[in-house]
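In: Whatever this is, show me its structure:
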Amino acid sequence: MITLYFTTSINCGGCVAAVTPYLQTLSFITSWDVDTDNPQKILTVTGNNLQQEEIIAIIEKAGFSIQPMEV
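Out: All right, here's what the predicted structure looks like:
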C-alpha cells in the first residue's frame, strides 16, 4: 500500500464533490481525502501501484491545481 500527498486548490465540499467522480475512475485508489481545513488543502491518496502523474492528470482534468508534496 502506498500513500501520496498533494497540495491542491480543492477548498470546499463542493470541490470535493466535483473531483469525486474523477478519482473513483482510478481503480488503483483504495481511499482518498482532502483536508479542506488545512491552508494547503492537502489531498491524501492511498492505494496499490499509485502513479503520481496519473493522479495529477485526473485532478487537473477536474479543473483543480495540484502539486506533489514531499513527506
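
In: Centre-most residue in the chain?
Out: Centroid-nearest residue in the chain: L43, 4.4 Å away (criterion: C-alpha atoms, centre = their mean).

In: Pull up the pairing partners for the helix or strand that contains it, direction included.
Out: Under the criterion of DSSP states H and E, L43 resides in strand 42-47. The strands beside strand 42-47 in its sheet (DSSP bridges) come out as strand 2-8 (antiparallel), strand 29-35 (antiparallel).

In: which residues touch that strand?
Out: 1-8, 10, 23, 26, 28-35, 55, 59, 66, 69 (C-beta atoms under 8 Å, 6 or more residues apart in numbering). Where you see a C-beta, it was placed from the backbone N, CA and C, and this is true even at glycine.

In: again, 6 Å this time
Out: By C-beta atoms under 6 Å, 6 or more residues apart in numbering, the residues outside strand 42-47 that reach it are 3-6, 8, 28-35, 55.

In: List just the nearest of those to V16.
Out: Proximity of these to V16 (C-beta to C-beta) peaks at V34, which lies at 5.5 Å.

In: about what we covered before: any buried residues in the strand holding L43, and which?
Out: Neighbour counts over strand 42-47 (16 or more other C-beta atoms under 10 Å) mark 42-43, 45, 47 as buried.

In: With that, I have no additional questions.
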